[in-house]
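[1] Model the following, please.
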Amino acid sequence: MKKFKEWSTRTKILGALLLVAYIFLWLVAGFVAGRKSAQAADIKSPIGSLINEDIAPLVADFANPINGEFFTKEEAVKWKNRLPLAVVIENHTDARPQSGLRNAEVVYETLAEGGITRLLAVYLAKDTDLGPVRSNRTYFLDWVSEYSAGYAHIGGSPQAQQLVKTYNIRDLDQFFIGVPTYQRSTARFAPHNVYTSTQKLRAAAGARGYKGPVIVNSWSFADEEARAESRPKHFVLDLGFRGTYGYAVRWIYDTKTNSYLRFNAGKKHIDATDNKQLWAKTIAVQLVKVSPDPSGHSRIQQGTIGSGKALVFKNGKVVSGTWKKKSRTARTRFFNKKGEEIEFNRGRIWIEVVPSDSYIKYK
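    Next up, the predicted model:
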C-alpha cells in the first residue's frame, strides 16, 4: 500500500486504465462464450444430443408394408399414401441391363414363352426411371392383385388382356396411354426400348382415378443378425429355369452386407441407372406347375394359386417349406416344415417362380 502511495500520478492513472481494460475484455469474452453455448443448446440433432436432452431422436421405425424396410415417419410421409405400381420388365438378353430394378421393393422372376424369363417389379417408396417395359401375361395378374397395384405393361396375350377387364385391374397399358408416359429410346432396337418412370405412371394413374393408399397384407419380417462374424462365409444358389441358354441365374451370398448378389447368364446383373450390381436381402423360390397355354404361340400357364414346395434363402442359409395362395387376391405366403410362416429379412425381396422340373442347386 505504501508503494502504491509512492507511485506518480501518471503511473496511477495508467494502472487504473489497464485494470478497466482487463475487466472489459473479461466481460466480453464471457458474453461471447455464453452466446455460443445458448446457440448450441438450440441445435436439433436427429440422433439426440447431450446439449439438449429434450429433443427426441428421429427413429426409423415406420415399416414399408411391402418389404418391411424401416423409414422414419418423416420419410414415410412422402410415400405412405401412394398407389403401389407393378411393372412388367423385360429380361430378354437384348434388354439388359434394365433400369430401375434396384429401387423395387419386390421383384418376381418367372418364365415367359420360349424359355425366356420376364420380371414383375413392385414399387412404392422410391422413384426411378424404369424399363424396358414388356407385355402382360395371365399369371402376372395373380401377383398384381396382391397389391391392388397400378399395372404397367405393353399390351399382352388376348386372354391376359381380357382378364385385366374381368378382374378390374388398375390398368396402365401403354397401348391406351402412349407418350409422354411411355417413350421409346433411340439407344435400343424395338421391341426392347420402351421406358417410363414411377413419376409418370403415378401421374397417369391419378388421371384415371387410381389412388392410394391400398392395404397390403404384409409378409412377416425379422430383424437380421447384426454380427457379421456369425454369418456363413460362403453360399451360392443356382437356378436353371429349364436350362434355356442365357437365363440361368446365380445368387452369391455376401457376408459383409448379409445380402445376395445377382448374376444372369454368368455375368453380373447390373442396373443401368447406377451401373451397380443387383442384390436382394431375401430370395424365395416358389416351385409351380407349368403347362402349355391353349392359345398357342408357345405361351404357358402357371399354377400360382394353391400350394407347392418352396425354398427361402436369407442370412446365408436355406429354409425348406411350402408356399400357399388361397385365391387370386390372397397373399402368397411361405411356411416352414412346422407350418410356421417364414420371416423375411427387411429390404429388397426377389421371388423366383420356377417350374417344378427346373434345375435348383445350392451349397
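
[2] Wasn't residue 163 part of a strand?
    No. Under DSSP: H, G, I helix; E, B strand; the rest coil, residue 163 sits outside any strand and is assigned helix.

[3] In PDB, could you pull the C-alpha coordinates for stretch 231-242?
    Extracted C-alpha coordinates of stretch 231-242, given in PDB (Å, rounded to 0.1, in the frame of the first residue of the first chain):
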ATOM      1  CA  ARG A 231     -22.800 -65.400 -40.700                       C
ATOM      2  CA  PRO A 232     -21.700 -68.100 -43.200                       C
ATOM      3  CA  LYS A 233     -18.600 -67.300 -45.200                       C
ATOM      4  CA  HIS A 234     -20.000 -68.800 -48.500                       C
ATOM      5  CA  PHE A 235     -23.300 -69.700 -50.100                       C
ATOM      6  CA  VAL A 236     -24.300 -70.000 -53.700                       C
ATOM      7  CA  LEU A 237     -27.800 -70.600 -55.200                       C
ATOM      8  CA  ASP A 238     -28.200 -71.600 -58.900                       C
ATOM      9  CA  LEU A 239     -31.500 -71.700 -60.800                       C
ATOM     10  CA  GLY A 240     -31.900 -73.200 -64.300                       C
ATOM     11  CA  PHE A 241     -35.300 -72.100 -65.500                       C
ATOM     12  CA  ARG A 242     -35.500 -75.300 -67.600                       C
END
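
[4] what's the average pLDDT for that stretch?
    For stretch 231-242, the mean pLDDT works out to 92.

[5] which residues sit against that stretch?
    111, 115, 117, 225, 247-253, 255, 258, 260, 283, 285, 313, 315-317, 352, 354-355, 357-363 (Cβ atoms under 8 Å, 6 or more residues apart in numbering). To be clear about C-beta, it is placed using only N, CA and C from the backbone, and glycine gets the same treatment.

[6] what sits against the closest residue in space to residue 88 that isn't next to it in sequence?
    Using Cβ to Cβ, 6 or more residues apart in numbering and skipping the chain neighbours, the partner closest in space to residue 88 is residue 153 (4.3 Å). Listed by Cβ under 8 Å, 6+ apart, the contact set of residue 153 reads 87, 88, 133, 134, 135, 136, 140, 172, 173, 174.

[7] Correct me if wrong, but the second one is in a helix.
    No. With the criterion set as three-state DSSP, the secondary structure at residue 88 is strand rather than a helix.

[8] picking up where we left off before, make a PyMOL selection of the buried ones in the contacts of stretch 231-242.
    This is the PyMOL syntax for the buried subset of the contacts of stretch 231-242, where burial follows 16 or more other Cβ atoms under 10 Å:
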select buried, resi 111+117+247+248+249+250+251+252+253+255+258+260+283+285+313+315+316+352+354+355+358+360+362
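
[9] Identify the bridge partners of the residue nearest to residue 88.
    Using DSSP bridges, the bridge partners assigned to residue 153 are residue 173.

[10] go on, residue 238?
    Counting by DSSP bridges, the residues bridging with residue 238 are residue 250, residue 361.

[11] Pull the number of nearby residues for it.
    For residue 238, the count of nearby residues is 15 (other Cβ atoms under 10 Å).

[12] and if you look at residue 304?
    That count, for residue 304 with other Cβ under 10 Å as the rule, works out to 22.

[13] For it, give me phi and psi.
    Dihedral pair for residue 304: phi -90, psi -10, per degrees, to the nearest 10.

[14] dump the residue contacts of it.
    139, 142, 143, 288, 325, 332, 353.

[15] Hmm, residue 255 is touching residue 315, no?
    No. The criterion here is Cβ atoms under 8 Å, and residue 255 misses it with residue 315 at 9.9 Å.

[16] Would you map the strands across the stretch 1-150 of the chain?
    Per DSSP state E, counting those that start in this stretch, the stretch 1-150 of the chain carries strands over the ranges 62-63, 70-71, 85-90, 106-111, 117-123, 129-130, 150-153.

[17] Mean pLDDT and distance to residue 184 for these - can I get that in a markdown table?
    Shown next, in a markdown table, are the strands of the stretch 1-150 of the chain (pLDDT from 0 to 100; distance: least, Cβ to Cβ, whole Å):
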| stretch | mean pLDDT | distance to residue 184 |
| --- | --- | --- |
| strand 62-63 | 95 | 38 |
| strand 70-71 | 96 | 35 |
| strand 85-90 | 98 | 13 |
| strand 106-111 | 97 | 23 |
| strand 117-123 | 98 | 19 |
| strand 129-130 | 97 | 14 |
| strand 150-153 | 98 | 15 |
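
[18] Need the winner for burial among those.
    Ranked by mean neighbour count, these are led by strand 150-153 with a mean of 29 (mean count of other Cβ atoms under 10 Å).

[19] Just checking the distance from it to the centre of its chain.
    Relative to the chain's own centre, strand 150-153 is displaced by 18 Å; criterion: Cα atoms, centre = their mean, to the nearest Å.

[20] Could you export it as CSV, CA atoms only?
    Provided in CSV are the C-alpha atoms of strand 150-153 (Å, rounded to 0.1, in the frame of the first residue of the first chain):
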residue,chain,number,x,y,z
GLY,A,150,-51.4,-49.8,-60.9
TYR,A,151,-50.4,-52.3,-63.6
ALA,A,152,-47.9,-51.0,-66.2
HIS,A,153,-47.3,-53.1,-69.4
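
[21] circling back to that earlier point, so which of the contacts of stretch 231-242 belong to strands?
    Residues from the contacts of stretch 231-242 lying in strands, with DSSP state E as the criterion: 111, 117, 249-253, 260, 283, 285, 313, 317, 352, 354-355, 360-362.

[22] Alright, I will stop here.
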